[in-house]
Each structure stands twice: as C-alpha cells, then as structure tokens.
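Chemist: Please work out how this folds:
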Amino acid sequence: MIQQTANDQGVSRKTIEVLLAENVENLGEQGEIVRVRKGYARNFLLPQGLATIATENNKRMVERHRQKLIQIQAERLTDLRNQAAAISKYSVTIEANANAEGHLYGSILAHDISKSLVAAGYAIDADHIRLEGPLKELGMYTVKLELHPEVKTEVKVWVVPAAGK
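Modeler: Next comes the predicted model:
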C-alpha cells in the first residue's frame, strides 16, 4: 500500500501521504492529509495510531466529513445570529442593595448578568459577556456580548434598588 513510484508532481519515492488521526505537533491537525517520510510513518505514526495511509476512500471520507462540519458551523452561526438579534431587543433588570446615593453595597459582575439572561431563556455564559469593570452604581448600562468572534451584540442592563429599600 505504500507508494513506490514518484507521481507527476515530482514527489520523492521516500515519502508517503498519511491521514492524521490525531493532532501531531509540528506536523498537522486531525483530519489533515500530510506527506511524510516512509520510515516516520512506518515506525512512529502508524504504530502509535496517530495516522493511517491516505487511500482514495479515506480522502473521500475526510472530504465528506469536512463538508458536514462546514454545514454544521454555518447552521450554528445562523442560530447564534438569531439569538443575538433576540437578545439585543431584551433588557435585563437586576435588583441590588444600594445606599441613598445609588452606590451598590456589592457589585454586579458578568456572572450576575449571565444568570439573569439564563433565567429569561437565553443560554449565555459569563464568558460571553464583555464588561469593562464591575457595575457599582444604580442605573442603565449597555453591556457587550460576544457569542462568537463573528457574532456580537449588546444588551441593556438595568440595575435597580432591591425591593424593600
């Protein structure tokens, strides 16, 4: 199964194409087809299960898998854009204890905003919230959200005094 002759592109007889089954440092990532020396493939990559010979069937399977991943990624981006559009129309209200001047006794963090968004039905992690610092006063704030490097939005956050104050 190892290629014995050079092909039309001038590739050496001492190399072989392999399909990486795992990420291999300084070589490539899982699913890539790379050209390596036969000895490296035979003595290290194949026995360790890091790669397999790149047959035409394997190449077709990888290409189908890659197309499927592209389709899934496109669908995910569409869903995130729809979610971002819905969130931008929503405003979060968070009650907090504050003194008479409107200074909070604590502060509102990304985690608190995330909890409020989850309670409203939006699955937003605190990691997606981009605060410049904790919110320490009563008022209305515009908070940036980054759901994906390509999908960004904003949400209005109202910090109001706790009921009973």
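
Chemist: What pLDDT is listed against the residue positioned nearest the centre of the chain?
Modeler: For the chain, His148 is the residue whose C-alpha lies nearest the centre (Cα atoms, centre = their mean; 6.7 Å). His148 carries a pLDDT score of 91 in this model.

Chemist: Quick check: nearest residue in space to it, chain neighbours excluded?
Modeler: Once flanking residues are discounted, His148 sits nearest to Leu80: 5.2 Å by Cβ to Cβ, 6 or more residues apart in numbering. From N, CA and C alone the C-beta is placed, and that goes for glycine too.

Chemist: How about the contacts made by Leu145?
Modeler: 84, 87, 124, 128-130, 152-155 (Cβ atoms under 8 Å, 6 or more residues apart in numbering).

Chemist: Next: Asn82.
Modeler: Counted by Cβ under 8 Å, 6+ apart, Asn82 has zero contacts.

Chemist: just to revisit the earlier point, what are the phi and psi values for the residue nearest to the centre of the chain?
Modeler: Reported as degrees, to the nearest 10, the phi and psi values for His148 are phi -160, psi 150.

Chemist: Could you do Arg81 as well?
Modeler: The phi/psi pair for Arg81 (degrees, to the nearest 10) reads phi -70, psi -40.

Chemist: residues near it, how many?
Modeler: Close neighbours of Arg81, defined as other Cβ atoms under 10 Å, add up to 15.

Chemist: show me what contacts it?
Modeler: For Arg81, the contact set (Cβ under 8 Å, 6+ apart) comprises Val151.

Chemist: do that again at 10 Å, thanks
Modeler: Shown in contact with Arg81 (Cβ atoms under 10 Å, 6 or more residues apart in numbering): 147-148, 150-151, 153.

Chemist: again, but for Ala98
Modeler: Contacts of Ala98 by Cβ under 10 Å, 6+ apart are 104-106, 136-138, 159-162, 165.

Chemist: again, 7 Å this time
Modeler: 104-105, 138, 161 (Cβ atoms under 7 Å, 6 or more residues apart in numbering).

Chemist: Which among those count as buried?
Modeler: Taking 16 or more other Cβ atoms under 10 Å as the criterion, what is buried in the contacts of Ala98 is 104, 138.

Chemist: one step back: now the buried members of the contacts of Leu145.
Modeler: Neighbour counting with 16+ other Cβ under 10 Å marks 84, 87, 124, 128-129, 153, 155 as buried within the contacts of Leu145.

Chemist: Does the residue of the chain most remote from its centre lie in a helix or a strand, and which?
Modeler: Each residue of the chain has a distance to the centre, and by Cα atoms, centre = their mean the biggest one is for Ala100: 43.0 Å. Under DSSP states H and E, no helix or strand contains Ala100.
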